[in-house]
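Novice: Fold the following, please.
(one chain, ligands or ions: 3)
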Amino acid sequence: MNEALPVAAQTLAEQARAALGKRNLIFVGLMGAGKSVIGRLTAQTLNVPFMDTDVEIERVSRMTIAELFAAYGESEFRALETRVIERLLKQGPRVISTGGGAFINENTREQIKLGGVSLWLKADLDVLWERVNRRDHRPLLKTEHPKQTLENLMIQRYPIYAQADLTVLSEDVRKEVMVNQVLKALVTLANKGETA
Ligand SMILES: Nc1ncnc2c1ncn2[C@@H]1O[C@H](COP(=O)(O)OP(=O)(O)OP(=O)(O)O)[C@@H](O)[C@H]1O
Ligand SMILES: O=C(O)C1=C[C@@H](O)[C@@H](O)[C@H](O)C1
Ligand SMILES: [Mg+2]
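Specialist: Ligands and ions are numbered 1, 2, ... in the order given. Got it, this is the predicted structure:
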């Protein structure tokens, strides 16, 4: 068992898994930050189930997010997002990657804060733009000047994402390197809690 091993003999993944315990690890951040991709790989590394709230919303509604926005508008989408996240948070330990706006919604943010450890994947504008520009399925970026829209979202949202328990910089490094940063952040948080 992990707990029986001296810390020095534990791998980083084992230490992070022990630090997580029964809690969820919830990825938050803007579109393109890597929540889905890095979240999935982190879950595999920790050997816990992975859930992506955007995917789950599309599954239960049997519509794409673009279709949901078009048919019912953003506020109905947010209400559904809150309900889905509330349900997903009930069964830790899990890694849960959220949609970019989830943590911005006050109700959802409160659920996330209660439901586990939140982690903000923080990226700069050019990194995000380079990534989201490859596809055009994100309804909030269907504007005349999508890069400007993305920048406006950064200005509005970054002070709120900053409330997450952990912040990890999302850079164009190998995904395994990103996962290691996430695991280290989790272990550091647990060590702080133990010594506080
Ligand atoms: N560290 C990385 N290095 C290079 N590319 C990356 C990295 N992280 C993510 N990407 C790429 O960026 C794109 C967006 O990643 P992803 O879909 O995980 O973002 P997201 O945060 O889930 O966005 P959304 O909020 O729209 O769901 C994908 O093509 C992914 O492969
Ligand atoms: O940033 C946002 O508000 C969004 C991000 C996506 O993940 C989707 O949840 C949806 O397109 C809204
Ligand atoms: Mg995603």
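Novice: So is the helix of greatest length in the chain next to ligand 1?
Specialist: In terms of residue count, the longest helix belonging to the chain (DSSP state H) is helix 175-195. Yes. Interface with ligand 1: helix 175-195 contributes 175, 178 (CB under 6 Å from any ligand atom). Heads up, the C-betas are built off the backbone N, CA and C, glycines and all.
Novice: So, low pLDDT: which residues of this protein?
Specialist: Residues of the chain meeting the criterion pLDDT under 70: 1-8, 194-196.
Novice: Strands of that one, residue ranges please.
Specialist: Taking DSSP state E as the test, the strands found in the chain are 24-28, 50-52, 95-97, 116-122, 166-169.
Novice: could the ones you listed go into a markdown table alongside mean neighbour count and distance to I38?
Specialist: Shown next, in a markdown table, are the strands of the chain (neighbours: other CB atoms under 10 Å; distance: least, CB to CB, whole Å):
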| stretch | mean neighbour count | distance to I38 |
| --- | --- | --- |
| strand 24-28 | 29 | 7 |
| strand 50-52 | 21 | 11 |
| strand 95-97 | 28 | 8 |
| strand 116-122 | 24 | 6 |
| strand 166-169 | 18 | 9 |
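Novice: Redo the ones you listed as a markdown table? Include distance to S61.
Specialist: Shown next, in a markdown table, are those (distance: least, CB to CB, whole Å):
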| stretch | distance to S61 |
| --- | --- |
| strand 24-28 | 21 |
| strand 50-52 | 14 |
| strand 95-97 | 18 |
| strand 116-122 | 24 |
| strand 166-169 | 30 |
